[in-house]
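**Student:** Predicted model, plus sequence, below.
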Amino acid sequence: MLYPVIWLVVSSLRPTEEIFRNPGIVLDSFEVSNYSEGWNTLSEPFHVFLLNSVLIVLGCIVGNLVSCSMAAYAFARLKFSGKRWWFAAMLMTLMLPIHVIIVPQYIMFSQLGFVNTYLPLILPKILATDAFFVFLMVQFIRGIPKELDEAARIDGCGHPRIFGVIILPLMVPALATTAIFTFIWTWNDFFSQLLYLTKPEMYTVPLALRAFMDAQSSTSWGPMFAMSVVSLLPIFLVFLFGQRFLLKGIATTGGK
């Protein structure tokens, strides 16, 4: 499982002409110029693409945390007409592949003039379209004793205050799980970003890595592998430091 990752790191330190000659992981030569070359090979420095990805990721994380937690509280605690049917309809969206909805979404965002902006990638998150995270948070909130809500209601708290003061602080494991998964999925997303972003200065990391295969009518394998290693570091660090919250969030929601 680790061999391809190790080979990627080793290959990023080899000259391009030697990468496919030697499938091993022992370095015969040390080529650090791949990193400096890869950073400046494309039309923009690679930090521009990193910042673009960070901007989109932060918008998606904030959107999912706010909208999905509010939707989950409504499904778990509020009483309204057709609640079960709406919850079932929300779960059914999990079965829809992205290819089914991407065409009508693109037409809608194109008519709104949102193509070549980050709005088509961030706006759906603000509208709680990720049913997986809504379901995960619903399961977590259902495990919180309702006696806490009743005690707060006796003290004069309404639903906004109960949600903000009582429920939200107890949802930290579920919120952390949502944030980590949103980061990984958004950072690695290629299809949606390829569809909506066509200006090179707006490219994200996946699109920038793809652009290495078109630069100078040939593939710059060494620089591309070097920037692939750079793009893996944020995911590795997020998973490393967030693993505790990730496991706790899944453990406290998956068994109910």
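**Tutor:** Nice, thanks for sending it over.

**Student:** next one: the helix or strand harbouring P124 to chain centre, how far?
**Tutor:** Secondary-structure element containing P124, defined by DSSP states H and E: helix 119-126. For helix 119-126, the separation from the chain centroid amounts to 12 Å (computed by CA atoms, centre = their mean, to the nearest Å).

**Student:** That one: what's the following helix or strand?
**Tutor:** Moving on from helix 119-126 towards the C-terminus, the next helix or strand you reach (DSSP H and E) is helix 131-142.

**Student:** Please identify the buried residues of that following helix?
**Tutor:** Across helix 131-142, burial judged by 16 or more other CB atoms under 10 Å covers 131, 133-141. All C-beta atoms are positioned from the backbone trio N, CA, C, and that covers glycine.

**Student:** now these as TSV including distance to V103?
**Tutor:** Output for the buried residues of helix 131-142, formatted as TSV (distance: CB to CB, whole Å):
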residue	distance to V103
A131	20
F133	24
V134	24
F135	26
L136	28
M137	29
V138	30
Q139	32
F140	34
I141	35
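
**Student:** which of those residues lies closest to N40?
**Tutor:** The closest of the buried residues of helix 131-142 to N40 turns out to be F133 (CB to CB; 37.8 Å).

**Student:** Make JSON lines from the buried residues of helix 131-142 and add distance to L112 and pLDDT to it.
**Tutor:** Below are the buried residues of helix 131-142 laid out as JSON lines (distance: CB to CB, whole Å; pLDDT from 0 to 100):
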{"residue": "A131", "distance to L112": "23", "pLDDT": "91"}
{"residue": "F133", "distance to L112": "25", "pLDDT": "93"}
{"residue": "V134", "distance to L112": "25", "pLDDT": "94"}
{"residue": "F135", "distance to L112": "29", "pLDDT": "92"}
{"residue": "L136", "distance to L112": "30", "pLDDT": "90"}
{"residue": "M137", "distance to L112": "29", "pLDDT": "92"}
{"residue": "V138", "distance to L112": "31", "pLDDT": "93"}
{"residue": "Q139", "distance to L112": "34", "pLDDT": "90"}
{"residue": "F140", "distance to L112": "34", "pLDDT": "90"}
{"residue": "I141", "distance to L112": "34", "pLDDT": "91"}
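
**Student:** Which one of those residues is nearest to I19?
**Tutor:** Closest approach to I19 among those (CB to CB): F133, at 39.3 Å.

**Student:** check contacts around the closest one.
**Tutor:** Residues in contact with F133 (CB atoms under 8 Å, 6 or more residues apart in numbering) are 64, 68, 72, 178, 181-182.

**Student:** 10 Å instead, please
**Tutor:** 64-65, 67-69, 71-72, 125, 174-175, 177-179, 181-182 (CB atoms under 10 Å, 6 or more residues apart in numbering).

**Student:** Looking at those residues, spot the one nearest I6.
**Tutor:** The shortest distance between I6 and any of these, using CB to CB, involves F181 and amounts to 25.4 Å.
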